[in-house]
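> Fold the following, please.
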Amino acid sequence: MNGKKTINKLTLLTIMLIVLGFVFLDPIALGLCSQYDYDCDDLIGGSAMPIFFFSFISLIFLIIARWLNPMTTSSWLCFAKYYLPIAVALIFLSPAIDSSILGFDKEFMTWLLAGIFFITSFGIIIFKRSLGHLVSK
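Presented below is the predicted three-dimensional model:
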């Protein structure tokens, strides 16, 4: 499959996940949960936040990937293919609220893993791009 077609399909999927995550951020307003059903709100609303943030960051890099060479894009997609399922599993396995001294709850894990994803993706793009310039000289 052509690299641009893959990026286009992933971009469309990411936009759909952003909309889905944004819609489910408040399940009480949607009528999915009753007003005092906090377990339902934590489950649906707590799951929507990681979906929204990771999809938003992925969309940024998919837009950047449209203008990169195929070697850089395939390296980033290979990284994202393995990183995102592991990150999602870590977020879903972390507790909703953690009152320990470190506080590794879902929100903290979402921010931490999204930040790691952003920095690593940015590093892959810069490294592969500079490597491509060195090879072409």
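
> From now on I want contacts and neighbour counts done on CA atoms only, so please keep to that.
Will do.

> State the number of residues packed around Ile119.
Counted with other Cα atoms under 10 Å, the neighbours of Ile119 add up to 12.

> and the gap between it and Phe61?
11 Å (Cα to Cα, to the nearest Å).

> Remind me which helix or strand the most centrally placed residue in the chain belongs to.
A centroid search over the chain (Cα atoms, centre = their mean) returns Phe54, at 1.9 Å, as the residue closest to the centre. Using DSSP states H and E, Phe54 maps to helix 38-65.

> what's that helix packed up against?
Packing partners of helix 38-65 (3 or more Cα pairs under 8 Å, 6 or more residues apart in numbering; DSSP states H and E): helix 3-23, helix 27-30, helix 70-93, helix 106-136.

> Contacts for the third one next, please.
Pointing back at helix 70-93 there. 3, 47, 50, 65, 106, 109-110, 113, 117, 121, 124-125, 128-129 (Cα atoms under 8 Å, 6 or more residues apart in numbering).

> Could you rerun that using 7 Å?
By Cα atoms under 7 Å, 6 or more residues apart in numbering, the residues outside helix 70-93 that reach it are 3, 65, 106, 109-110, 113, 121, 124-125, 128-129.

> can you list the residues you listed in a markdown table and add pLDDT?
Output for the contacts of helix 70-93, formatted as a markdown table (pLDDT from 0 to 100):
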| residue | pLDDT |
| --- | --- |
| Gly3 | 71 |
| Ala65 | 81 |
| Lys106 | 77 |
| Met109 | 85 |
| Thr110 | 83 |
| Leu113 | 89 |
| Ser121 | 88 |
| Ile124 | 88 |
| Ile125 | 83 |
| Lys128 | 80 |
| Arg129 | 73 |
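
> circling back: roughly how far apart are the residue nearest to the centre of the chain and Ser100?
From Phe54 over to Ser100 (counting by Cα to Cα), the distance is 25 Å.

> Check the gap between Arg22 and Gly45 for me.
Check again: residue 22 is Phe, not Arg. 9 Å.

> Repeat that for Met71.
37 Å.

> the more surrounded of these two?
For Met71 versus Gly45, neighbours defined as other Cα under 10 Å are more numerous around Gly45 (21 against 14).
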